[in-house]
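> my questions are about this predicted structure, shown below with the sequence.
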Amino acid sequence: MPTAVFVAPILSENATRMIEAVASLPGVRLGVITQDPAEKLSPGLAAKVAAHWRVDDVLDHWQLSWAAEELTRRIGPIDRLFGAYEQLQVPLAEVREKMGISGMGAAVARRFRDKSEMKDALRAAGLPCARHALVESADEAVAFTRKVGYPVVIKPPAGAGAIATFRADDEASLRAAVAKAAPRAGHAALVEEFITGDEHSLETISIGGRAVWHSLTHYYPTPLDVVRNPWIQWCVLCPREVDDARYDDIRKAGSRALEVLGMETGLSHMEWFRRADGTIAISEVAARPPGAQITTLNSRAHDIDFVRAWAQLMVFGTFERPTRKYAVGAAFLRGHGSGRIQHVHGLDQIGREMGPLVVDVKLPSLGQAPAASYEGDGYIILRHPETAVVMRALQRLISVVKVELG
């Protein structure tokens with residue numbers, strides 16, 4: 001009976017779903033480490049957890065190590081220690097190394113987390129990605145940009161999800177962006193050339209260092225454009241034809257990138273661009289499940305529980321390749337303007353026009369303040385066997401459904 005320990009900062013809806021998935025695997029002894037108390041688990045789920053340990057900060061390597069050692073004393077040696085939260089990947093790897101637990105090592109985890117180190121490794125391998133530099137001052141950022149030209153993007157080296165990411169189109173906006181990033185000696189900011197084109201993601205299951213499954217998405221528009229334009233209702237399309245020849249280049253480059261970065265067994269999320277001239281460029285790669293409901297999209301595209309499939313991969317190192325049956329897309333609902341959410345318009349019309357296509361709905365809560373994230377305050381997920389049908393439906397949906405603020 002393997003002992004698996006799942007780690008998350010809080011017992012959020014997503015974390016709880018992942019804990020449920022691990023608990024559903026046959027013959028698994030489950031431990032949980034969070035900053036939340038065990039009482040936040042539902043009684044039914046708590047009964048399936050062999051032991052829980054609370055810490056003040058799961059990102060603190062020493063607290064995480066202490067918790068893992070305490071759980072070892074209570075439920076036995078840990079065979080798998082993992083979590084989905086991006087910022088947890090390095091602390092988890094450090095504890096795995098310290099305790100002799102199999103899984104990704106610290107050096108590999110840092111290569112995935114540090115975008116500068118990542119891009120250095122990719123470029124050294126001849127893989128296409130943005131030119132970049134670590135800077136500790138505005139003058140260093142200006143000097144780099146004179147070499148690559150405007151626009152550029154400024155972000156934390158270990159950022160995720162376009163958080164604290166700024167685009168600069170001239171020296172004034174570059175200096176303003178660097179001031180917001182506030183780099184200093186020992187805490188640099190990452191400046192990289194801005195790649196123009198259509199943005200996508202590539203999700204890959206790897207086992208023993210070999211890619212065994214993939215999926216991909218199209219972003220409409222790029223997340224950075226959505227962050228810069230709060231009125232945009234972002235869409236993510238997961239086409240059915242992921243094995244089409246037009247994706248041969250990114251599948252090949254993606255597999256090579258994972259090999260270079262040191263991926264062994266796990267699920268990865270790569271963001272990449274298709275330039276106007278047809279060439280590709282890798283933006284960055286994360287060694288964890290994707291956000292933006294992409295896991296849900298893959299569940300619906302294959303008619304499986306993809307979270308459970310990921311849990312099985314992380315605990316047992318196995319993955320049953322599913323059949324892709326549908327194209328799927330998500331429209332993220334965001335309000336424009338100021339104030340709190342007052343009303344969501346157009347839902348009845350969407351129900352009449354495309355009710356059979358709708359498979360998941362999460363509506364914004366009336367009275368709440370709108371989120372700053374490009375994922376907004378809710379979403380509607382559509383699916384159909386034909387990709388073009390889903391694409392047209394998404395475009396129609398975001399033209400009809402409006403979130404009123406006031």
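Structure's in. What do you need?
> got a list of what residue 199 touches?
Shown in contact with residue 199 (C-beta atoms under 8 Å, 6 or more residues apart in numbering): 219, 221, 222, 223, 271, 272, 273, 283. For the C-beta atoms, the positions are set from N, CA and C on the backbone; glycine is no exception.
> also residue 129?
119, 122, 123, 281, 282, 283.
> ok, now with 7 Å
Listed by C-beta atoms under 7 Å, 6 or more residues apart in numbering, the contact set of residue 129 reads 119, 122, 123, 281, 282.
> just the ones in strands from these, please.
In this view, the contacts of residue 129 that belong to strands under DSSP state E are 281, 282.
> let me have the contacts of residue 129 in a markdown table, adding pLDDT and neighbour count as columns.
Shown next, in a markdown table, are the contacts of residue 129 (pLDDT from 0 to 100; neighbours: other C-beta atoms under 10 Å):
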| residue | pLDDT | neighbour count |
| --- | --- | --- |
| 119 | 92 | 23 |
| 122 | 96 | 23 |
| 123 | 93 | 16 |
| 281 | 95 | 20 |
| 282 | 95 | 24 |
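> now render the contacts of residue 199 as JSON lines, adding pLDDT, secondary structure and neighbour count.
As requested, these are exported to JSON lines (pLDDT from 0 to 100; DSSP: H, G, I helix; E, B strand; the rest coil; neighbours: other C-beta atoms under 10 Å):
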{"residue": "219", "pLDDT": "97", "secondary structure": "strand", "neighbour count": "21"}
{"residue": "221", "pLDDT": "91", "secondary structure": "coil", "neighbour count": "15"}
{"residue": "222", "pLDDT": "87", "secondary structure": "coil", "neighbour count": "21"}
{"residue": "223", "pLDDT": "85", "secondary structure": "helix", "neighbour count": "19"}
{"residue": "271", "pLDDT": "95", "secondary structure": "strand", "neighbour count": "20"}
{"residue": "272", "pLDDT": "96", "secondary structure": "strand", "neighbour count": "25"}
{"residue": "273", "pLDDT": "95", "secondary structure": "strand", "neighbour count": "21"}
{"residue": "283", "pLDDT": "91", "secondary structure": "strand", "neighbour count": "19"}
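> hang on, the earlier thing: any chance of the contacts of residue 129 in CSV, plus distance to residue 320?
Putting the contacts of residue 129 into CSV (distance: C-beta to C-beta, whole Å) gives the following:
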residue, distance to residue 320
119, 34
122, 30
123, 36
281, 33
282, 28
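> quick check, nearest of the contacts of residue 129 to residue 246?
For those, the closest approach to residue 246 (C-beta to C-beta) belongs to residue 281, at 16.0 Å.
> for residue 306, see how far away the closest one is.
27 Å (C-beta to C-beta, to the nearest Å).
> cool, residue 142 as well?
Between residue 142 and residue 306 the computed distance is 45 Å (C-beta to C-beta).
> wait, is residue 351 part of a strand?
No: under DSSP: H, G, I helix; E, B strand; the rest coil, residue 351 sits outside any strand and is assigned helix.
> so what's it closest to, chain neighbours aside?
Nearest residue to residue 351, sequence neighbours excluded (C-beta to C-beta, 6 or more residues apart in numbering): residue 358, at 7.5 Å.
> follow-up on the earlier one: which one of the contacts of residue 199 is nearest residue 72?
For the contacts of residue 199, the nearest to residue 72 is residue 271 (36.5 Å; C-beta to C-beta).
> show me how the protein divides into domains.
Following automatic domain parsing, the chain resolves into domains at 3-103, 131-193, 198-405.
> okay, now the unreliable bits of the chain?
Regions of the chain meeting the criterion pLDDT under 70 cover residues 158-164.
> mind listing the helices for it?
Assigned by DSSP state H, the chain shows helices spanning 13-23, 43-46, 61-75, 89-99, 106-113, 115-124, 138-148, 171-181, 223-228, 248-261, 294-302, 306-316, 347-354, 387-400.
> among these, which comes closest to residue 287?
Closest to residue 287 of those, according to C-beta to C-beta: helix 106-113, at 4.4 Å.
> what angle do that closest one and helix 248-261 make?
Angular relation of helix 106-113 and helix 248-261 on a 0 to 180 degree scale: 140 degrees, by axes from the mean of the first three to the mean of the last three C-alpha atoms, to 10 degrees.
> which other helices and strands contact helix 106-113?
When contacts are defined as 3 or more C-beta pairs under 7 Å, 6 or more residues apart in numbering; DSSP states H and E, helix 106-113 packs onto helix 89-99, helix 115-124, helix 248-261.
> out of the ones you listed, which one sits most buried?
Ranked by mean neighbour count, the helices and strands packed on helix 106-113 are led by helix 89-99 with a mean of 21 (mean count of other C-beta atoms under 10 Å).
> can you lay out the helices and strands packed on helix 106-113 as a markdown table showing distance to residue 83?
Converted to a markdown table, the helices and strands packed on helix 106-113 look like this (distance: least, C-beta to C-beta, whole Å):
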| stretch | distance to residue 83 |
| --- | --- |
| helix 89-99 | 6 |
| helix 115-124 | 20 |
| helix 248-261 | 19 |
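> picking up where we left off before, export the helices of the chain as CSV, with columns for distance to residue 238.
Formatted as CSV, these follow (distance: least, C-beta to C-beta, whole Å):
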stretch, distance to residue 238
helix 13-23, 18
helix 43-46, 29
helix 61-75, 34
helix 89-99, 24
helix 106-113, 23
helix 115-124, 25
helix 138-148, 33
helix 171-181, 32
helix 223-228, 16
helix 248-261, 15
helix 294-302, 4
helix 306-316, 11
helix 347-354, 17
helix 387-400, 8
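> quick check: the nearest residue to residue 151 once chain neighbours are set aside vs residue 131, distance?
Leaving aside its chain neighbours, residue 151 sits nearest to residue 194 (4.0 Å; criterion: C-beta to C-beta, 6+ apart). Going from residue 194 to residue 131 by C-beta to C-beta gives 11 Å.
> with residue 106 instead?
Distance of residue 106 to residue 131, given as C-beta to C-beta: 27 Å.
> between the two, which has more neighbouring residues?
Taking other C-beta atoms under 10 Å, residue 106 and residue 131 do not tie; residue 106 has more neighbours (18 against 15).
> wait, that one sits on residue 92?
No: using C-beta atoms under 7 Å, residue 106 makes no contact with residue 92, being 9.2 Å away.
> shared neighbours of those two, anything?
Residues touching both residue 106 and residue 92 (C-beta under 7 Å, 6+ apart): none.
> show me what contacts residue 61?
Residues near residue 61 by C-beta under 7 Å, 6+ apart: 91, 94, 95.
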